[in-house]
Structure formats: C-alpha cells, structure tokens
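Q: need a 3D model of the sequence below.
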Amino acid sequence: MVQNHSQGVDIEAKEDAEWARVLNINVIGIARVSRAALPHLRTSDSAAIVNTCSIAATAGLPQRALYSASKGAVAYLASPLSDSVAGTSMVVDSGMQELRLRQE
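A: I've put the predicted structure just below:
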C-alpha cells in the first residue's frame, strides 16, 4: 500500500481550523488508512506500507511550515508502525532514502 496524502499552507495565513484540516489529511489520514489496512496486510506473505513524504520532512520549505511539519510526522510515523509489525514479513517505510543529492 502506498499512501501519498498532501495538503499544505503558509503558517501565518491560516486559522487553527486550517491547521487541523491539513494535519488531518497529511498525518491522521495516513494513520487511519494504515490502521484499517493492517489486518488485511498481515495475511499477506509480502505486504508493505510506504508513506511518501518529502524533503520538506527534514529540510523544511519556505512559506510551507505546516506542510513541512506534517511531512516530518509522516516520516517519523514509519518507525513505530514498523515496530508494531516486527516478526512478520510486512515492511513499513516512509519512503525517505538517504540520497547524495540531499547531502549536497
């Protein structure tokens, strides 16, 4: 299962309701879909969950603080989710890979 939820807004331009909307889509949505899919994926011999995020998860983007924060949450959600399926054949990843391009 590949999840690629994405909404973003400028931190100064929006109300609390907009923060809640973006976080609900970008983070809570991924958690809800993962929770619903886990029982089905556990029955597979080769299941995987990949939650795509963005370079914004680690580097941040100008005028995109809320988007960057939500993508950071998505990146770090993979670790505890991966721990919860330890001992199975399931793989969980954030899609964040160490690339030379990021290091330059």
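
Q: contacting residues for the residue nearest to the spatial centre of the chain?
A: With distances taken as C-alpha atoms, centre = their mean, residue 74 lies nearest the centre of the chain, 2.4 Å away. Contacts for residue 74 (C-beta atoms under 8 Å, 6 or more residues apart in numbering) come out as 5, 26, 27, 30, 51, 52, 53, 57, 94. C-beta here means a position set from N, CA and C on the backbone, and glycine is covered the same way.

Q: so it is in which element?
A: Element membership for residue 74, per DSSP states H and E: helix 65-84.

Q: after that helix, which helix or strand is next?
A: Following helix 65-84 toward the C-terminus (DSSP H and E): strand 91-93.

Q: how about residue 89: what's its closest non-neighbour residue?
A: residue 45 (5.6 Å; C-beta to C-beta, 6 or more residues apart in numbering).

Q: one more: residue 26?
A: Spatial nearest neighbour of residue 26, excluding adjacent residues (C-beta to C-beta, 6+ apart): residue 70 at 3.7 Å.

Q: what number of residues lie near residue 40?
A: If you count neighbours by other C-beta atoms under 10 Å, residue 40 ends up with 10.

Q: so residue 3 bridges to which residues?
A: Counting by DSSP bridges, residue 3 is bridged to residue 51.

Q: I'd say it and residue 51 touch.
A: Yes. At 4.9 Å, residue 3 and residue 51 qualify as touching, with contact defined as C-beta atoms under 8 Å.

Q: neighbour-wise, which of the two wins?
A: When residue 3 and residue 51 are compared for neighbours, residue 51 comes out ahead with 27 against 19, by other C-beta under 10 Å.

Q: list the contacts for that one?
A: Contacts of residue 51 (C-beta under 8 Å, 6+ apart): 3, 30, 34, 74, 75, 77, 78, 92, 93, 94, 95.

Q: top of those by number of neighbours, please.
A: residue 74 (26 neighbours).

Q: buried residues in stretch 58-69, which are they?
A: 64, 65, 66, 67, 68, 69 (16 or more other C-beta atoms under 10 Å).

Q: gap between it and the chain center?
A: 14 Å (C-alpha atoms, centre = their mean, to the nearest Å).
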